[in-house]
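Novice: need the 3D shape of this:
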Amino acid sequence: MADYINTMIKPMLEGAQITILLFLIAILASIPLGFLLTLAAKSRIKPISWLAQTYIYLMRGTPLLLQLLFICFGLPLLPIIGDYLVLDRFVAACLGFILNYAAYFAEIFRGGLLAIDKGQYEASQVLGLNKWQTMTRIILPQMFRIALPAVSNESVTLVKDTALLYAVAVPELLHFAQTAVNRDFTIVPFFIAGIIYLIITLLLTILFKWLEKRFKFE
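Specialist: Numbers count the residues shown, from 1 in each chain. Got it, this is the predicted structure:
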């Protein structure tokens, strides 16, 4: 059994690298995009606010799997422009995750802004701070501190959602586990994949707990 596990570990760790790479790309791109969507949704320019809110509603209201399938297989079928929208599967998957999770982070940041007492704005005016100073020095630090636990939870969900890459034929961790199960007629690869996912989410949880303490959330 030990020899069998050793033969499986290498390809599954290679799949885990794809999982981690997708996570890093998605999280680093979707968080700032989500914040921009929050600002756009709160814009006083109605068309911009409406477009941002509609985008958030559509991305949160439809399954991530459907969005991935549309980007990977639907876009190339569009008339006239479809030939120019054929993307590498991994690139298409990254795009789908970024666009989807940006909408969720936008709602998290919106909740963080709503949680800030209006007295903070009034106090900033009393101190003579302009709108930019108020936002960057007073509001945003508090917003991120409030939103951090929710961002942590959403990040853990993102790690688990990377298993959806299997549906668009990107060889990630679950792909190698399923291949081993079909080949060897044993469920051991699923247990190994589960352990790897647990290790990744544990490390991520520890990181965010450290960040919460670092920013003195409690």
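Novice: now the lowest-mean-pLDDT helix or strand in the chain - C-alpha only, CSV.
Specialist: Within the chain, no helix or strand scores below helix 119-126, which has a mean of 73 by mean pLDDT, DSSP states H and E. What follows is helix 119-126, C-alpha atoms only, in CSV (Å, rounded to 0.1, in the frame of the first residue of the first chain):
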residue,chain,number,x,y,z
GLY,A,119,-20.2,59.3,12.6
GLN,A,120,-16.8,58.4,11.2
TYR,A,121,-17.5,60.6,8.2
GLU,A,122,-18.7,63.4,10.3
ALA,A,123,-15.6,63.1,12.6
SER,A,124,-13.3,63.3,9.5
GLN,A,125,-15.0,66.5,8.4
VAL,A,126,-14.5,68.0,11.8
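Novice: mind listing what's buried along that helix?
Specialist: Buried residues in helix 119-126, counted by 16 or more other CB atoms under 10 Å: 121, 124. Where C-beta positions appear, they are placed from N, C-alpha and C, glycine not excepted.
Novice: how distant is it from the center of its chain?
Specialist: Using CA atoms, centre = their mean, to the nearest Å, the mean C-alpha position of helix 119-126 is found 33 Å from that of the whole chain.
Novice: contact partners of that helix?
Specialist: Helix 119-126 is contacted from outside by 133, 134, 138, 139, 142, using CB atoms under 8 Å, 6 or more residues apart in numbering.
Novice: what of stretch 159-176?
Specialist: Residues from elsewhere that reach stretch 159-176 (CB under 8 Å, 6+ apart): 8, 11-12, 14-16, 18-19, 22-23, 64-65, 68-69, 72-73, 89-90, 92-93, 97, 178, 189, 193, 196-197, 200-201, 204.
Novice: what mean pLDDT would you report for that stretch?
Specialist: In this model, stretch 159-176 has a mean pLDDT of 85.
Novice: now the helices for this protein?
Specialist: Taking DSSP state H, the helices of the chain run over residues 2-41, 46-61, 64-69, 89-114, 119-126, 131-133, 140-161, 173-184, 188-214.
Novice: can you redo these as CSV with distance to residue 77?
Specialist: Output for the helices of the chain, formatted as CSV (distance: least, CB to CB, whole Å):
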stretch, distance to residue 77
helix 2-41, 24
helix 46-61, 19
helix 64-69, 11
helix 89-114, 13
helix 119-126, 49
helix 131-133, 45
helix 140-161, 25
helix 173-184, 24
helix 188-214, 33
